[in-house]
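In: Could you work out the structure for the sequence below:
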Amino acid sequence: MLWQPSIPERYSRLSGEELAAGIAARRRELGTRLLILGHHYQQDDVIQHADLTGDSLKLSQMAATECAARGTEFIVFCGVHFMAETADLLTAESVQVLLPDLSAGCSMADMAAHDDAVAAWETIHDTLGPGWSALGDGARGRVIPITYVNSSAAIKAFVGAHGGACCTSSNAGQIFDWALAGGTRPRREDEQIRILFLPDQHLGRNTASAKGFLTEVDEAAGRGKAQTALYNPRRPGGGLTAAALRSAQVLLWAGHCSVHKLFRPEHVDEARAGAAAAGGITVLVHPECCKEVVDKADQSGSTEYIIRAIESAPPGSRWAVGTEVHLVNRLARAAAERGVHVRMLSECQCLCTTMYRIDPPHLLWVLDHLVKGRVLNRIQVPPEIASEARTALDRMLANVASTPVAVKGGQTMALVD
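Out: All right, here's what the predicted structure looks like:
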């Protein structure tokens, strides 16, 4: 996590109305030179100022198109650090990306450090033994890394350099298929493929389960020998015996989302019990939730999937949603006007605390300086990292079906959520 210096105290003394008026004034002054992006998890008094709203990668892709059309010079990303990095990767060199508060990181992304990934890669290949190659010239097999887009540019670059690809929560299954088929080159008949999935163990485990792999959860429930294993970079050998590491088809990095880990199986049971008299309830959760929750839920899907499901829900239906509270509250307010009841799956405060650091005072502070020609908190991915990170993104986009949009350098990129 980066360090954010304190901003002048006068910003904290402004009322909500004064902050909103100041931000609106700065937006008018900057005009089309400025594009403000707001992630779905952002608080309402920030999201109201966003030109575009969306989820992580898709938001950056839309921004690339919009910047090219408008001649935008500055993006202010009201999200977290890895998202601002992605916007920098996908937009033209002339566009500068700013993050209003440098301390707005992502705990999940921070759980996968580049040096730890390098060390893990060496441990895994040393344990697997001779004949295993990172880039496909080994006699026995390959380990293909996949990283969730909720990761640092450095991790994306590591994956790109080692023959792997990025994925989103909606296309993780397609990227699993790509990897199991051999990834960058077709798998030989006698060749073994292993997947290393970073940084979210739960998305990895849920995806592996959907592909028919038995997981550690299945093994604990007596349903067979696990084909997945949890690799903890903070423990010698990843916390695994050599035998366990060699037998695992999918190695899951020991990372998680601090929001979605708060949802528990008992919350699903409580929601169903509470809605029994009203005719029941549909439980819809994000696949960053643990497998026990996803298994109990009626549906699971990406943020965009959740939004579409609620927006198309029939009047009179009732939903319990397991994802970030600001998004659920906005969905609930809009759905109520159509006679659809939406509630949080859990009554706990399931909010993204690092996202919450982006607030109206920091947004106004950045914009005040921008109108004076001072660019603060610029997020810029070094060229050597950017190249390999884009490779990982390109491999994903080449293997998922979606709508193309214009991006950096006049190339096209598929729009995914």
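In: Which positions within stretch 62-73 qualify as buried?
Out: 62-68, 72-73 (16 or more other CB atoms under 10 Å). For glycine as for every other residue, the C-beta is placed from the backbone atoms N, C-alpha and C.
In: Just flag the most distant two among those.
Out: Greatest spatial distance among those (CB to CB): Met62 and Glu73, at 17.3 Å.
In: wait, is Ala276 part of a helix?
Out: Yes. Per DSSP: H, G, I helix; E, B strand; the rest coil, Ala276 lies within a helix segment.
In: where does this structure have its least confident helix or strand?
Out: Each helix and strand of the chain was given a mean pLDDT (mean pLDDT, DSSP states H and E); the minimum falls on strand 403-406 at a mean of 34.
In: isn't Pro287 right up against Gly301?
Out: Yes. Counting by CB atoms under 8 Å, Pro287 does reach Gly301; the two are 7.0 Å apart.
In: out of these two, which sits in the busier spot?
Out: The residue with more neighbours, out of Pro287 and Gly301, is Pro287; 26 against 19, by other CB atoms under 10 Å.
In: Against Ile7, how distant is the more buried one?
Out: According to CB to CB, to the nearest Å, Pro287 and Ile7 sit 36 Å apart.
In: Also Phe82?
Out: Separation of Phe82 from Ile7 (CB to CB) stands at 22 Å.
In: Give the residue from these two that has the larger number of neighbours.
Out: Phe82 (24 against 17).
In: I'd guess that one is in a helix, am I close?
Out: Yes. Checked against three-state DSSP, Phe82 lies within a helix.
In: Would you check that it makes contact with Ser152?
Out: Yes. Between Phe82 and Ser152 there is a contact under CB under 8 Å: 5.5 Å.
In: shared neighbours of these two, anything?
Out: Among the neighbours of Phe82, those also in contact with Ser152 (CB atoms under 8 Å, 6 or more residues apart in numbering) are Ala109.
In: What distance do you get for the residue lying closest to Ala336 once chain neighbours are set aside to Pro314?
Out: Spatial nearest neighbour of Ala336, excluding adjacent residues (CB to CB, 6 or more residues apart in numbering): Val342 at 7.5 Å. Counting by CB to CB, the gap from Val342 to Pro314 is 13 Å.
In: neighbour-wise, which of those two wins?
Out: Each of Val342 and Pro314 had its neighbours counted (other CB under 10 Å), and the higher figure belongs to Val342 (23 against 8).
In: mind listing the helices for the stretch 51-200 of the chain?
Out: In the stretch 51-200 of the chain, helices defined by DSSP state H, counting those that start in this stretch lie at 57-70, 81-90, 107-110, 114-128, 153-161, 172-180, listed in chain order.
In: Next, format those helices as a markdown table and append mean pLDDT and distance to Ala334.
Out: Shown next, in a markdown table, are the helices of the stretch 51-200 of the chain (pLDDT from 0 to 100; distance: least, CB to CB, whole Å):
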| stretch | mean pLDDT | distance to Ala334 |
| --- | --- | --- |
| helix 57-70 | 92 | 19 |
| helix 81-90 | 95 | 24 |
| helix 107-110 | 94 | 28 |
| helix 114-128 | 96 | 40 |
| helix 153-161 | 98 | 34 |
| helix 172-180 | 97 | 28 |
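In: Would you mind putting those helices into a markdown table with distance to Asp295 alongside?
Out: Below are the helices of the stretch 51-200 of the chain laid out as a markdown table (distance: least, CB to CB, whole Å):
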| stretch | distance to Asp295 |
| --- | --- |
| helix 57-70 | 27 |
| helix 81-90 | 28 |
| helix 107-110 | 21 |
| helix 114-128 | 28 |
| helix 153-161 | 28 |
| helix 172-180 | 16 |
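In: What residues of stretch 350-357 count as buried?
Out: 350-352, 354-355, 357.
In: count of neighbours near Glu219?
Out: Residues lying near Glu219 (other CB under 10 Å) number 14.
In: What lies in contact with the host helix or strand of it?
Out: Take DSSP states H and E as the rule and Glu219 turns out to sit in helix 216-220. The contact list for helix 216-220 (CB under 8 Å, 6+ apart) reads 205, 209, 224-226, 228-230, 291-292, 295.
In: Pop the domain breakdown of this protein in here.
Out: Domain assignment for the chain by automatic domain parsing gives 10-105+354-390, 109-253, 260-344.
In: Of all those domains, which one is nearest Val400?
Out: Here domain 109-253 is closest among these (CB to CB), at 4.5 Å.
In: Now find how far off-centre that closest one is within its chain.
Out: Chain-centre distance of domain 109-253: 18 Å, with CA atoms, centre = their mean, to the nearest Å.
In: returning to what we had before: list the buried residues in the helix or strand where the residue nearest to Ala336 lies.
Out: Under the criterion of DSSP H and E, Val342 resides in strand 341-344. Using 16+ other CB under 10 Å as the test for burial, strand 341-344 gives 341-344.
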